[in-house]
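Next come a sequence and a model predicted from it.
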Amino acid sequence: MEIGLYAESAGLSSLAETLPRARDLGITRIELSTGGQNAEPFVDVSALLESEPRRRALLDKLGAHGMSLSALNISAFPLHPTLGDAHTELTRQTMRLAGELGVDRIIAQSGAPGDAPESSVPNWVTYPWPDEMRDTVRRQWEQAIALWRDLADYGKTHGVSRICFELHPVNLVYNVPTLLMMREAVGDAIGANFDPSHLMWQGMDIPACVRAIGPAVFHVHIKDVMTHPHNQALVGVVDNRPDVTFRERPWTFCTPGFGHDARWWREFFVALADIGYDDVASIENEDPYLPGIDGVERTVSFLREVM
């Protein structure tokens, strides 16, 4: 398995600054954002689509640093009542660019619609009760399945055969059953970008999730979670307060090893081996205590110990 990096998460100013630092750490795969939630991606999708020399220069730049592209990451809201059209188009552009760059997978989030045609924001229903909320969830799934069937077909025509959903709360696809529901409805183009951190704080058994998803684990992110019991005792794990600091949260993302120890991570990689995953472990650093390249450096060292 190769160590990769979600480039924008290293906290550096540009791809030109990031690549030599990643190379010196022995990282061999790079994942690049194309926008959406990331307001400052390192690449310009439109410019690259319009210019074969620019695409070739990007791949040559990666190759000169001993790296190849693992995936394009479009962290968008394609079902958002107001942003959805623009984010769906950006997803299509990302698929076209991935195909032009010789990459057959994108990382995405399923999104969540509003609860009615006149909605202006998504509504992520976590408890479908009373009955009208159950009906809302059914309608949302019908809308999501229609969109992702269309996008999966579009992706295949442009060389993208794998759509890797982050199992991320605030999206319809956020755990194992919802991923498998979408996969059954849309087809085998749907799989997981398996980021254990998003499942950790929900209280899931991570190796069991890996084995349940099996060959539909298409890509892996590396990120840990640190719980803060003194906060969790009062808040639980779902904390919707908008203005508190990370120190007041019941949990925070962290550098691997700070939340779960080396034995836990070895068991995670054993589970991945058991399902036949031998591809890339892509570091995504969101540790507020050890941000940017410092967290990446620490993670690489840790991964070499446990992989």
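Here it is on my side, so go on. Treat the numbers as computed from the prediction; the structure is a model and nothing was measured. Numbering: from 1, shown residues only.

Going by C-alpha atoms from here, please, whenever you check contacts or count neighbours.
Noted.

which of the residues in the lengthiest helix in the chain are buried?
In the chain, with assignment by DSSP state H, the single longest helix is helix 131-157. Going by neighbour count (16 or more other C-alpha atoms under 10 Å), the buried part of helix 131-157 is 136-137, 140-141, 144-145, 147-149, 151-152, 154-156.

And stretch 117-128, by the same measure?
Applying 16+ other C-alpha under 10 Å to stretch 117-128 flags 121-125 as buried.

Between these, which sits nearest residue 222?
residue 124 (25.4 Å; C-alpha to C-alpha).

quick one: contacts for the closest one?
Residue 124 sits next to 112-114, 170-172 when contact means C-alpha atoms under 8 Å, 6 or more residues apart in numbering.

Next, format the residues you listed as JSON lines and append neighbour count.
Formatted as JSON lines, the contacts of residue 124 follow (neighbours: other C-alpha atoms under 10 Å):
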{"residue": "112", "neighbour count": "27"}
{"residue": "113", "neighbour count": "29"}
{"residue": "114", "neighbour count": "21"}
{"residue": "170", "neighbour count": "16"}
{"residue": "171", "neighbour count": "22"}
{"residue": "172", "neighbour count": "25"}
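
Mind jotting down where the helices sit in the stretch 151-300 of the chain?
With DSSP state H, counting those that start in this stretch, the ranges of helices along the stretch 151-300 of the chain come out as 176-186, 196-200, 206-213, 229-235, 262-274, 292-306.

Please name whichever of those helices is nearest to residue 245.
Taking these one by one with C-alpha to C-alpha, helix 229-235 is closest: 11.7 Å.

who's in contact with the closest one?
248-251.

Select from these every entry located in strands.
The strands, defined by DSSP state E, take in residue 251 from the contacts of helix 229-235.

low-confidence ranges in the chain?
Low-confidence segments of the chain (pLDDT under 70): none present.

residues of stretch 24-33 that come out buried?
In stretch 24-33, counting by 16+ other C-alpha under 10 Å, buried: 26-33.

Ignore what I typed, I meant stretch 283-292.
For stretch 283-292, by 16+ other C-alpha under 10 Å, it's 283-287, 291-292.

And the furthest pair within those residues?
It's 283 and 291 that sit farthest apart of the buried residues of stretch 283-292, by C-alpha to C-alpha, at 12.4 Å.

tell me which of the contacts of helix 229-235 is nearest to residue 19?
residue 251 (30.9 Å).

how near is the closest one to residue 86?
As judged by C-alpha to C-alpha, to the nearest Å, residue 251 and residue 86 stand 32 Å apart.

Give the residue from these two that has the larger number of neighbours.
residue 251 (22 against 15; other C-alpha atoms under 10 Å).

How about that one: what's its closest non-neighbour residue?
With C-alpha to C-alpha, 6 or more residues apart in numbering as the criterion, residue 251 has its nearest non-adjacent residue at 4.2 Å, and that residue is residue 227.

wait, the one you found sits on residue 252?
Yes - here residue 227 reaches residue 252: they are 6.5 Å apart, a contact under C-alpha atoms under 8 Å.

circling back to that earlier point, what helices or strands is the longest helix of the chain leaning on?
helix 84-100, helix 176-186 (3 or more C-alpha pairs under 8 Å, 6 or more residues apart in numbering; DSSP states H and E).

If you count neighbours, what's buried in the first one?
In other words, helix 84-100. Applying 16+ other C-alpha under 10 Å to helix 84-100 flags 84, 87-88, 90-100 as buried.

CSV for those residues, including distance to residue 78?
Below are the buried residues of helix 84-100 laid out as CSV (distance: C-alpha to C-alpha, whole Å):
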residue, distance to residue 78
84, 4
87, 5
88, 5
90, 9
91, 8
92, 10
93, 13
94, 13
95, 14
96, 16
97, 18
98, 18
99, 20
100, 22
